[in-house]
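In: Provide a 3D model corresponding to the input given below.
(one chain, ligands or ions: 1)
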Amino acid sequence: MQRDWGRFNGIGMTSARTRARMVARLREQGIRDETVLTAMNAVPRHIFVEESLASRAYEDTPLPIGHGQTISQPWVVARMTELARQGKRLQNVLEIGSGSGYQTAVLALVADHVYTVERIGALVAKARRHLRELNLTNVAIMHGDGSAAMETSLQADAIVVTAGATLLPEALLMHLDVGGRMVVPLAVEGSSELQRLTVIERTANGFKEQTLEAVRFVPLLPGTA
Ligand code: SAH
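Out: Residues are numbered from 1 along each chain as shown. From the prediction side, this is the model:
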């Protein structure tokens with residue numbers, strides 16, 4: 001997909017060069033999937049944060065996006081996308097926790113359709129604005145509690161949860177295709193802040209779980225706001 005996003009390139013810390021440096025760093029940090037690196041090189045991350053933080057958008061750090069939430073650090077976005085993709089183009093991706101819409105935009109470049117759910121209404125509006133600005137037409141964003149059972153028959157080949165779950169959000173597993181994967185930061189026992197990236201794969205006979213890197217996410221919360 002060729003996109004004309006050149007007009008978003010600023011100068012200095014919001015330039016295409018700064019973004020290319022971020023991608024080089026992601027490669028050094030072990031991200032191997034070239035399709036993911038290409039997507040991260042394309043999406044202007046600085047439009048997803050407040051203007052006063054735009055000069056820090058390409059640092060490897062989470063940043064505040066208001067309402068007590070954060071945009072995930074670039075490495076986390078890249079790693080989760082790589083784990084979700086497992087080297088293949090995705091058809092339907094379900095994301096829980098749209099936040100700024102940045103991870104959504106990256107997913108939109110590696111999947112045919114992205115369905116994303118956010119519990120905070122004000123962030124839904126923000127994310128929607130950012131995604132429209134980029135003219136990403138293969139994304140549907142919904143206001144709701146993505147950890148609860150959803151009234152949709154959606155079958156996804158990947159589910160990406162971008163908030164830290166204390167318990168596995170089991171209601172989501174029924175939306176996963178056989179061969180599909182859910183990537184979720186799952187709490188390390190006894191900690192409310194520290195999680196491990198966990199991959200749950202749906203097989204013909206059940207589910208397989210794999211526990212990976214330690215991460216720090218804002219919590220997955222019930223209800224809407
Ligand atoms: N992917 C985002 C990161 C968002 S931070 C980005 O790239 O900017 C996590 C987001 O999950 C927050 O916006 C939070 O409001 C949302 N969230 C937490 N619990 C949720 C739930 N049960 N359903 C939907 N969204 C939820």
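In: Residue 145 and residue 220 touch, don't they?
Out: No: the criterion here is Cβ atoms under 8 Å, and residue 145 misses it with residue 220 at 9.4 Å. Quick note: C-beta positions are derived from backbone N, CA and C, even for glycine.
In: More neighbours: those two, which one.
Out: With neighbours defined as other Cβ atoms under 10 Å, residue 145 and residue 220 compare such that residue 220 has more, 24 against 18.
In: What score does that one have for pLDDT?
Out: In this prediction, residue 220 carries a pLDDT score of 96.
In: Could you pull up the residues touching it?
Out: Residue 220 sits next to 96, 97, 147, 161, 163, 164, 165, 166, 169 when contact means Cβ atoms under 8 Å, 6 or more residues apart in numbering.
In: rerun that using 6 Å as the cut-off
Out: 147, 163, 165 (Cβ atoms under 6 Å, 6 or more residues apart in numbering).
In: Which among those count as buried?
Out: Using 16 or more other Cβ atoms under 10 Å as the burial test, the contacts of residue 220 include 147, 163, 165 as buried.
In: In helices, which of those residues appear?
Out: Nothing among the buried ones among the contacts of residue 220 maps onto helices, per DSSP state H.
In: Quick check, residue 177 in contact with residue 158.
Out: No: between residue 177 and residue 158 there is no contact under Cβ atoms under 6 Å: 8.9 Å.
In: which one of these two has more residues nearby?
Out: residue 158 (27 against 14).
In: would you say the more buried one is within a strand?
Out: Yes: checked against DSSP: H, G, I helix; E, B strand; the rest coil, residue 158 lies within a strand.
In: Not counting residues beside it along the chain, what's closest to it?
Out: Leaving aside its sequence neighbours, residue 158 sits nearest to residue 84 (Cβ to Cβ, 6 or more residues apart in numbering; 3.9 Å).
In: same thing with residue 178?
Out: Nearest to residue 178 is residue 202, by Cβ to Cβ, 6+ apart, at 5.3 Å.
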